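> here is my input; please provide its structure:
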Amino acid sequence: MSEPWQGQFAPQPAFFTPRAPEPPPKKPVKLWVLLSLLVVAVLAAVTWLIVETSRTPSRPATSAAELDRSTKTVTAEDGRSAMTVPAQWVDLPSEYRVPGSVLALGQVYQERYLMVVSDDKADFKDFADYEETAEIALTELSGAVVGQPVDVTLGGMPAVRYEVNGTFDDVAVVYWCTVVEGERAYHQILTWTLADRRAASEPALREVVDTFREK
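Prediction:
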């Protein structure tokens, strides 16, 4: 894969760090931490985008359709899943990845980003427990509006998708969390973009998410 954008991300201000919501008793805390840190990752990427695009007013002449036409298959670091993404997507720098993520990629000029986190099924009672944990984590995020869950199917596996909208440090962001009941593990697929890029980015990100499969 291409090298990440070394040294191009703006330093993350301290006030970007949200406080992780407290989980209910006997619930795993990983998802609460994950979703809270996702907000940090979103803000860090957004900050860099604002700074970088203001410095480089001329964007590549390549159209969005051309950027999306060629694809590549990427395999998760734990080897349990894979996805098909646009060939121009590159790895996010490690400092902007959620701890535990097994895939983290994006396309900077289109402001489209993806992360995947996989959890052992033994850590949860069942998929309903996993989904409930993710839903509570989403609803307790400060400053976010969470939409209703939507049942979907990814690679023949049952899944539930949530949409989250929020304004963080005066930047409007929309991201989607899809929890998947796999045969080998439970998975969270997280995608996001700037709110003013939603019209073009949502269908493109959904198309990428729909390629998710276990290996």
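> where does the residue nearest to Arg97 when sequence neighbours are not counted fall, phi/psi-wise?
Closest residue to Arg97 apart from its sequence neighbours, by Cβ to Cβ, 6 or more residues apart in numbering: Ala104 at 4.3 Å. Placement of C-beta: from N, CA and C, glycine included. With angles defined as degrees, to the nearest 10, Ala104 sits at phi -160, psi 110.
> and Ala104, how close does it get to Ala76?
10 Å (Cβ to Cβ, to the nearest Å).
> what sits opposite the residue nearest to Arg97 in the beta ladder?
Judged by DSSP bridges, the bridge partners of Ala104 are Met115.
> identify the contacts common to Ala104 and Ala76.
Shared contacts of Ala104 and Ala76 (Cβ atoms under 8 Å, 6 or more residues apart in numbering): Val116.
> could you list the low-pLDDT ranges of the chain?
Low-confidence segments of the chain, defined by pLDDT under 70: 1-68, 136-142, 168-169.
> where exactly do the strands run in it?
71-75, 81-86, 90-91, 101-107, 112-119, 144-146, 150-154, 157-168, 171-181, 186-194, 213-214 (DSSP state E).
> helices and strands around the last one, which ones?
Applying 3 or more Cβ pairs under 8 Å, 6 or more residues apart in numbering; DSSP states H and E, one finds that strand 213-214 contacts strand 81-86.
> for the strand it packs on, which outside residues touch it?
Taking Cβ under 8 Å, 6+ apart as the rule, strand 81-86 contacts 67-68, 70-76, 102-103, 105, 107, 114, 116, 118, 182, 185, 187, 208-209, 211-215.
> of these, just the buried ones, PyMOL syntax please.
Remark: buried members of the contacts of strand 81-86, expressed as a PyMOL selection using 16 or more other Cβ atoms under 10 Å:
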select buried, resi 67+68+71+74+76+102+103+105+107+114+116+118+182+185+187+208+209+212+213+214
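> how about the strands of the chain, which one is nearest Asp129?
strand 186-194 (9.3 Å; Cβ to Cβ).
> now the closest one - C-alpha only, PDB.
Provided in PDB are the C-alpha atoms of strand 186-194 (Å, rounded to 0.1, in the frame of the first residue of the first chain):
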ATOM      1  CA  TYR A 186     -18.000  -9.500  15.400                       C
ATOM      2  CA  HIS A 187     -17.000  -6.500  13.300                       C
ATOM      3  CA  GLN A 188     -17.500  -2.700  13.300                       C
ATOM      4  CA  ILE A 189     -17.000  -0.900  10.000                       C
ATOM      5  CA  LEU A 190     -16.700   2.900  10.500                       C
ATOM      6  CA  THR A 191     -16.800   5.300   7.700                       C
ATOM      7  CA  TRP A 192     -17.000   9.100   7.700                       C
ATOM      8  CA  THR A 193     -16.800  12.300   5.700                       C
ATOM      9  CA  LEU A 194     -17.400  16.000   6.000                       C
END
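> what lines up beside it in the sheet?
strand 112-119 (antiparallel), strand 171-181 (antiparallel).
> columns distance to Gly143 on top of those, output as a markdown table?
Listed next are the strands paired with strand 186-194 as a markdown table, based on distance: least, Cβ to Cβ, whole Å:
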| stretch | distance to Gly143 |
| --- | --- |
| strand 112-119 | 19 |
| strand 171-181 | 10 |
